[in-house]
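Asker: Everything below, folded, please.
(one chain, ligands or ions: 1)
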Amino acid sequence: MSTLTALELLRQRASIREFTNTPVPDHMLETVLLAASRAPTSFNFQPYAFVEIRDPQNRAELADIAGGQTYIHSAPVLLIICADLARVRRWCGFEPRTDPIMDPDLLIACVTDAALAGMCASLAAESLGLGTVMVGGIRNNPPRVAELLGLPQGVLPIFGICLGFPAERPRARPRLDSALCIHVDRYDAQLAMTAAEYETHWLRSPDGEAPSVSDVESWRDQLARGAKRANRLAPDLAKRHEQTADGSGHAVHVETMSLIGNLISTSLRGR
Ligand SMILES: Cc1cc2nc3c(=O)[nH]c(=O)nc-3n(C[C@H](O)[C@H](O)[C@H](O)COP(=O)(O)O)c2cc1C
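Answerer: Below is the predicted model:
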């Protein structure tokens, strides 16, 4: 087992998208999943489910749904991390009219917990010498993913994690200078830089190096792809956002979360 400390691991880590064919031993996967279950979780609900996808046909279709990301197909292990609101509903005895999926705060809590567990799984895997990449692309078509995985209503696919022994060693990718993200007492709007300012002043490798031209280009490309994907679950959300805007912004965001909750549950119900 690697002797890297958590801090060293975090400093060095990078998403891995090329894997060797060596299978991941069962005991390693068990260790990874056990580590995931040690993540903190609201009310100790543990509202998540990990689905390991072994069926090659399902793998191929998931890769397709995620926009042709080949490593989904080729990684030795693929886990789909789901937020399991159905379990919370069962355990807490919610009545049907108080569907927890319609509760934006509960939705945030369950998705957060699922993400934290996924991150613990990923870090545990990396500490064992495995490589990982998370795959949000599976949310391009949640109803179809739910169908492929047999997810009941209230179990929402959040992201995938590809796992395997790395066949590449990318260097740690640059991040925002931490000064841009850290506020004291109150949010400092002065720190809200444009992407162009970020490119010239703030993009840094973990060692404080300025970014290379290709770093900047790939970041620009990621932003452009991210912008295109915004609202992929609810194309009309921006319009509703405009209509409900009350000036403060907060109510609009709660409305947005609620809409997303409704939308996901409706799309899962409608399958
Ligand atoms: C929730 C989540 C979803 C992601 N989805 C994808 C994805 O669909 N495809 C992909 O290649 N990388 C995906 N990534 C990986 C990011 O692109 C990557 O973390 C980011 O570019 C920073 O690079 P690094 O992890 O090497 O530091 C995802 C990461 C997260 C946290």
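Asker: so what's the spatially most central residue of the chain up against?
Answerer: The centroid of the chain falls nearest to residue 159 when counting by CA atoms, centre = their mean (4.9 Å). By CB atoms under 8 Å, 6 or more residues apart in numbering, the residues touching residue 159 are 80, 81, 115, 118, 134, 135, 136, 138, 139. For glycine as for every other residue, the C-beta is placed from the backbone atoms N, C-alpha and C.
Asker: Helix or strand: which one has it?
Answerer: If you go by DSSP states H and E, residue 159 is part of strand 155-164.
Asker: Quick check: which ranges of this structure have low pLDDT?
Answerer: In the prediction, the chain carries residues with pLDDT under 70 at positions 1-3, 95-102, 230-259, 261-271.
Asker: Residues of the stretch 1-150 of the chain that sit close to the ligand?
Answerer: By the rule CB under 6 Å from any ligand atom, the part of the stretch 1-150 of the chain lying against the ligand is 14, 15, 17, 66, 69, 133, 134, 135, 136, 137.
Asker: how much space between the residue nearest to the third one when sequence neighbours are not counted and residue 219?
Answerer: In this case it means residue 17. Taking CB to CB, 6 or more residues apart in numbering as the measure, residue 17 lies nearest to residue 71, with 4.9 Å between them; neighbours along the chain are not counted. Separation of residue 71 from residue 219 (CB to CB, to the nearest Å): 20 Å.
Asker: Pick out whichever of those two has more residues nearby.
Answerer: Under the criterion of other CB atoms under 10 Å, the comparison of residue 71 against residue 219 puts residue 71 first, with 20 against 17.
Asker: Sort out which one of the residues of the stretch 1-150 of the chain next to the ligand lies nearest residue 108 for me.
Answerer: Of all these, residue 108 sits closest to residue 136, with 16.5 Å by CB to CB.
Asker: Next, count neighbours for the closest one.
Answerer: 13.
Asker: and it, what is it in contact with?
Answerer: Contacts were defined as CB under 8 Å, 6+ apart; by that measure residue 136 touches 158, 159.
Asker: how about a cut-off of 6 Å?
Answerer: By CB atoms under 6 Å, 6 or more residues apart in numbering, the residues touching residue 136 are residue 159.
Asker: cool, and residue 199?
Answerer: Contact criterion CB under 6 Å, 6+ apart gives residue 216 as the residues in contact with residue 199.
Asker: quick one: it and the ligand, what's the gap?
Answerer: Note on residue 199: its distance to the ligand, by CB to the nearest ligand atom, to the nearest Å, is 15 Å.
Asker: Use 40 as the first number from now on
Answerer: Sure, I'll start numbering at 40, so the last one becomes residue 238.
Asker: and that residue, what helix or strand is that in?
Answerer: Applying DSSP H and E, one finds residue 238 within helix 234-240.
Asker: list the buried ones in that helix?
Answerer: For helix 234-240, the neighbour count (16 or more other CB atoms under 10 Å) marks 237, 238 as buried.
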